[in-house]
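In: got a predicted model here, sequence first, then my questions.
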Amino acid sequence: MIIVKNIEELLKHTKNLDSVGFVPTMGALHQGHLSLIKRARDENRTVIVSIFVNPTQFLEGEDLDKYPRRDLADIEICKRADVDILFMPTVESIYFEDELRVEAPAIRGFILEGSRRAGHFNGVLQVVMKLFNIILFNRPKSLRAYFGKKDAQQLALISQMVKDYFLNVDIIPCEIVRDSSGLALSSRNAYLSADEVKEALAISRSLKRASKLVMQGVLDTSTIEREMRDVMKNLDIEYIAFVNRDFKKIETIELKNSTILVACIVGETRLIDNIWI
Ligand code: AMP
């Protein structure tokens, strides 16, 4: 595995590539990230993983400084997963002074996560656009980029950016990986105490309850939301939302075309989860 820390070096190692599988991450890798890397390994000649804690997607007062950083462990994980190139750029090599900005779309980019974290998706799209362009620079035969359904709104917006900006990238959505108790894996779970982990389980339980209701034929979202709130009655719920795959809000579940999303604060930690129905 080659570890590269700046763009010039990356460009040296990306000449004449056939199919490339790219997994962008912010590090503190867990089985969720690993499932994306494995899929990229299975489907492509070359696998590139990036680890970059992107400052522009953190708002004032968010956890940029305390975001978990585990470079040495991450390097080991990537080596073992047979990654070809690990790209770990510095902030200075990615961002310039007074640079041009990519903006999230006015509606989809500013509801739900984008409303609670206004400007967050501008930063996500800015960095993903840069990473895609760096890898596309030497024209690989194909580029597939792997993203988790865990961040459903991020996935929808990146897919939209690829379409709206005519980028030659295939976006591959990957299933949410959970621990044996149902908690969706997240680098931020590291902030949770043992008691908070137990409390957080109500989130996935509420989503399971929702899916069971849908299987029983309950499609009205307000009924489903009431039941979900009951399961999560001890949690500080930020939102429960129902959208279709275009990320438009819905009042009736559309089978095979709906996503139910939850954001909660557990202790001091903000957790998100969702289910695709
Ligand atoms: P992050 O490092 O949090 O930016 O995540 C990098 C990628 O891993 C994103 O595409 C996430 O959606 C994905 N990811 C994070 N957690 C999970 C999970 N539990 N299951 C599947 N994918 C995940």
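Out: Thanks, I have it. Residues are numbered from 1 along each chain as shown.
In: CA atoms for contacts and neighbours, from now on please.
Out: Fine.
In: any chance you could map the strands in the stretch 1-150 of the chain?
Out: Taking DSSP state E, counting those that start in this stretch to define them, one finds strands in the stretch 1-150 of the chain at 2-4, 19-25, 46-51, 85-87, 142-148.
In: buried stuff in the third one?
Out: Going by neighbour count (16 or more other CA atoms under 10 Å), the buried part of strand 46-51 is 46, 47, 48, 49, 50, 51.
In: can you tell me what sits against that strand?
Out: With contacts defined as CA atoms under 8 Å, 6 or more residues apart in numbering, strand 46-51 is touched by 17-27, 37, 40-41, 78, 83-89.
In: also near the ligand: which of these, exactly?
Out: Residues of these in contact with the ligand (CA under 6 Å from any ligand atom): 24, 25, 26, 27.
In: and the residue nearest in space to the middle of the chain, which of the three is it?
Out: With distances taken as CA atoms, centre = their mean, the residue of the chain nearest its centroid is residue 151 (3.9 Å). Using DSSP: H, G, I helix; E, B strand; the rest coil, the structure places residue 151 in helix.
In: need the residues of the protein near the ligand, please.
Out: The chain comes close to the ligand at residues 24-27, 32-33, 147-151, 175-178, 184-186, as judged by CA under 6 Å from any ligand atom.
In: now with 5 Å?
Out: The chain has residues 25-26, 32-33, 147-148, 150-151, 176-177, 184-186 near the ligand, with proximity defined as CA under 5 Å from any ligand atom.
In: may I see the ChimeraX selection of the buried members of these?
Out: Filtering those down to the buried ones (16+ other CA under 10 Å) takes a single ChimeraX command:
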select :25,26,32,33,147,148,150,151,176,177,184,185,186
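In: give the other helices and strands that the worst-scoring helix or strand of the chain on mean pLDDT contacts.
Out: Lowest by mean pLDDT, DSSP states H and E among the helices and strands of the chain is helix 113-116, with a mean of 94. Other elements packing on helix 113-116 under the criterion 3 or more CA pairs under 8 Å, 6 or more residues apart in numbering; DSSP states H and E are helix 120-136.
In: and this structure, what are its domain boundaries?
Out: Split into domains by automatic domain parsing, the chain comes to 2-174, 187-271.
In: what residues are up against the closest residue to residue 136 other than its chain neighbours?
Out: Closest residue to residue 136 apart from its sequence neighbours, by CA to CA, 6 or more residues apart in numbering: residue 143 at 7.5 Å. Neighbour list for residue 143: 19, 20, 21, 22, 136, 168, 169, 170 [criterion: CA under 8 Å, 6+ apart].
In: quick one, which of these are buried?
Out: 19, 20, 21, 22, 136, 169.
In: relative to residue 166, how far out is the second one?
Out: When CA to CA, to the nearest Å is the yardstick, residue 20 and residue 166 sit 18 Å from each other.
In: swap in residue 23?
Out: Residue 23 sits 20 Å away from residue 166, going by CA to CA.
In: count the neighbours of the nearest residue to residue 152 once chain neighbours are set aside for me.
Out: Closest residue to residue 152 apart from its sequence neighbours, by CA to CA, 6+ apart: residue 274 at 7.5 Å. When neighbours are defined as other CA atoms under 10 Å, residue 274 has 24 of them.
In: quick check: beta-bridge partners of residue 274?
Out: Here residue 274 sits in beta bridges with residue 261, going by DSSP bridges.
In: what's the longest helix in the chain?
Out: The longest helix of the chain (DSSP state H) is helix 194-215.
In: could you check the angle helix 194-215 makes with the next helix or strand after it?
Out: Next helix or strand after helix 194-215 toward the C-terminus (DSSP states H and E): helix 221-231. Calculated by axes from the mean of the first three to the mean of the last three CA atoms, to 10 degrees, helix 221-231 forms an angle of 150 degrees with helix 194-215.
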